[in-house]
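> sequence-free structure coming up:
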């Protein structure tokens, strides 16, 4: 085939993250092509994983929040706000697969600058030194290819196929414990201490259709609360590392499966037939686990609207280690093996005489939802590829990036942050072998140590290619990928990547040459979060909202609390003034170290007014222009009434003032007045 148009940006991968990238780039005026593997859109978010894996219950990026809003609108419009369907969509975070797919289809149709080509994969690429010139795509179902050249390419595949075709460095498997000093790295044996899920009485009886994780009292152990964070505590128990965990690195990756959509409505369910390769011996060993935890917990059934459930079981650890580099024929064989294993597990539980009758009876309540995946025999079309290739990029996110930084009440700060992650560091099992009383080798769920982390732009950038962004298989270790590899996080990152592609088009530069501060300013003004905060989210329209996000990546906060309405104290004012001057000068200072410098601020210290803070800034900037006596004075351009000069200055107002000094002029909101003229503030820092 041959596409009819020329495209500035080509996004590969119909995942939720890929759609977010393509839609945002197109919405910003960039001619964009989205190439997908499947005829269906949305990846796992529409291909079976219908229970949103996020602990954040507030807006973090426009397209992600818009998706949740469309889910809410669907269930309210279709069933009514008082319906059980609306109640069970949990404010838009839980949905049926076909609802998600319809939303993604609507998103792409609505963009006039976006073209979607389905059923192709990247076969090869041509490069001229650090530039990808073109990519050739081959059809899955026919002997057909087409080639596209573009200014920007984006890899939003789960497999990392585009970056492999381009020839950039990537990694597969697990790092050793010593490589990045990661507690959970390499070969590891673990157990789970404490209830993996909330007590049954917290979610109702087994016939209740309430979702498992977000209803009922949060009876969470103190050691799992992770401090005062505006997050929903995850119900997984505490991971304990067993002896014998030597931390050796290898080529193992975590297990895959299919996330089945089941239904218990007799009029809308199909009990699975015996698979052609069925072997009951594969499943007999599950009976003790079911006896100990119950069928619902073993299958991890998380309830959806309309008497449906998302099943997260039937992993096959160790059978997928060749998948990342395998041919498509071999990949399809692996997927078929997992499909028959999932259906075989259900068949075994519903029919085998070794299964207690009460368990068989409970299992027979569930079948494949007959109104889901109707073009694929009611089986999900998306294989759950939890981990494959990962970019070896300009920065590698590691476990320490998602843990408390010594000396701070938060994780490390990245000056080039473009998004954030918050889900616990985790990995499904990598091999079946286990120690007595423990999980299969490679499993961990480090919810007790994980903190919200910033995603640096450098983690999307290869070392050797300037015009490729890698937004899904980005640069992380195996351990850190656990906090990144969630569909909401990928949508968040993907939208930021879409803005980057558009800005690169506007500035006629490669993504690797972008002024990151300008990109961050554009993201902040567009309500894309750069940092997680307890007391700030992107739905707020306060005049300091964008400033807080921008400065959150520059080392202005030593914790997850902005406290925008609190008065600015003298020590904080002095620290912020010094940091602002360093940023303005272009001097390289670690953002985490800057954040640590605010630790000396005392809560009981006197507050300062605007005039005093401006004077501090002027002194630190070493300006020779008297305040207020020249139109060239950068400190007079903040749109704050003169009458407030001697009034107590809030932290939020101070952030806004600094942002007007440091924020790239092109991104500042027109309602905030003229941009500040400081010569070096629009250069990369």
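Thanks, I have the structure now. Since the model is a prediction, treat every value here as computed from it, not as a measurement.

> beyond the helix or strand encompassing residue 310, next helix or strand please.
Secondary structure from DSSP states H and E places residue 310 in strand 308-311. With elements assigned by DSSP H and E, the helix or strand that comes after strand 308-311 is helix 328-351.

> what does the average pLDDT come to for that following helix?
The average pLDDT within helix 328-351 is 98.

> from the chain's centroid, how far away is the strand holding residue 310?
Its chain's average C-alpha position is 22 Å from that of strand 308-311, according to CA atoms, centre = their mean, to the nearest Å.

> check the gap between residue 52 and residue 583 for me.
36 Å (CB to CB, to the nearest Å). Where C-beta positions appear, they are placed from N, C-alpha and C, glycine not excepted.

> so where's the chain uncertain?
Low-confidence segments of the chain (pLDDT under 70): 1-4, 194-227, 235-237, 589, 600-603, 623-646, 665-685.

> break it into its domains for me.
Domain ranges of the chain: 9-173+455-507, 260-376, 537-672, per automatic domain parsing.

> how long is the shortest one end to end?
If I follow you right, that is domain 260-376. Using CA to CA, to the nearest Å, the end-to-end distance of domain 260-376 comes out at 12 Å.

> one more: the longest one?
With CA to CA as the measure, the first residue of domain 9-173+455-507 is 14 Å from its last.

> please state the offset of it from the chain centre?
In terms of CA atoms, centre = their mean, the centre of domain 9-173+455-507 is set 11 Å apart from its chain centre.

> list the contacts for the residue nearest the centre of the chain?
Among the residues of the chain, the one closest to the centroid is residue 489, at 1.3 Å (CA atoms, centre = their mean). Residues near residue 489 by CB atoms under 8 Å, 6 or more residues apart in numbering: 54, 419, 421-423, 455, 483.

> spatially, what comes nearest to residue 69 if we skip its sequence neighbours?
Excluding the flanking residues, the one nearest residue 69 by CB to CB, 6 or more residues apart in numbering is residue 92, at 6.3 Å.

> from residue 487, how far out is residue 402?
Counting by CB to CB, the gap from residue 402 to residue 487 is 18 Å.

> buried ones in stretch 371-384?
371-373, 378-384 (16 or more other CB atoms under 10 Å).

> same question, stretch 86-100
Residues of stretch 86-100 classed as buried by neighbour count (16+ other CB under 10 Å): 86-90, 92-100.

> looking at those, which is nearest residue 352?
Ranked by distance to residue 352 (CB to CB), the buried residues of stretch 86-100 are led by residue 97 at 28.3 Å.

> got a list of what that closest one touches?
Taking CB under 8 Å, 6+ apart, we find residue 97 in contact with 46-48, 50, 261, 372-373, 380.

> name the SS class of residue 455, please.
What DSSP: H, G, I helix; E, B strand; the rest coil gives for residue 455 is strand.

> wouldn't it be in contact with residue 421 here?
Yes - between residue 455 and residue 421 there is a contact under CB atoms under 8 Å: 6.0 Å.

> who's more crowded, those two?
Shown here are residue 455 and residue 421; by other CB atoms under 10 Å, residue 421 has more neighbours (30 against 27).

> show me what contacts that one?
402, 452-453, 455, 483-484, 486, 489.

> will you turn those into a markdown table that also has distance to residue 543 and secondary structure?
Below are the contacts of residue 421 laid out as a markdown table (distance: CB to CB, whole Å; DSSP: H, G, I helix; E, B strand; the rest coil):
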| residue | distance to residue 543 | secondary structure |
| --- | --- | --- |
| 402 | 31 | helix |
| 452 | 24 | coil |
| 453 | 28 | strand |
| 455 | 26 | strand |
| 483 | 32 | helix |
| 484 | 32 | helix |
| 486 | 32 | coil |
| 489 | 28 | helix |
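
> which of the residues you listed sits closest to residue 563?
Among the contacts of residue 421, residue 452 lies closest to residue 563 (CB to CB), at 16.9 Å.

> which outside residues touch the helix or strand where residue 35 lies?
Using DSSP H and E, residue 35 maps to strand 32-36. The contact list for strand 32-36, computed with CB under 8 Å, 6+ apart, reads 3, 5, 7-14, 18-19, 22, 25-26, 108, 111, 113-120, 122, 137, 148, 150, 501.

> mind putting the contacts of residue 489 in a markdown table, secondary structure and distance to residue 254 included?
Shown next, in a markdown table, are those (DSSP: H, G, I helix; E, B strand; the rest coil; distance: CB to CB, whole Å):
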| residue | secondary structure | distance to residue 254 |
| --- | --- | --- |
| 54 | coil | 19 |
| 419 | strand | 22 |
| 421 | strand | 17 |
| 422 | coil | 20 |
| 423 | coil | 14 |
| 455 | strand | 20 |
| 483 | helix | 13 |
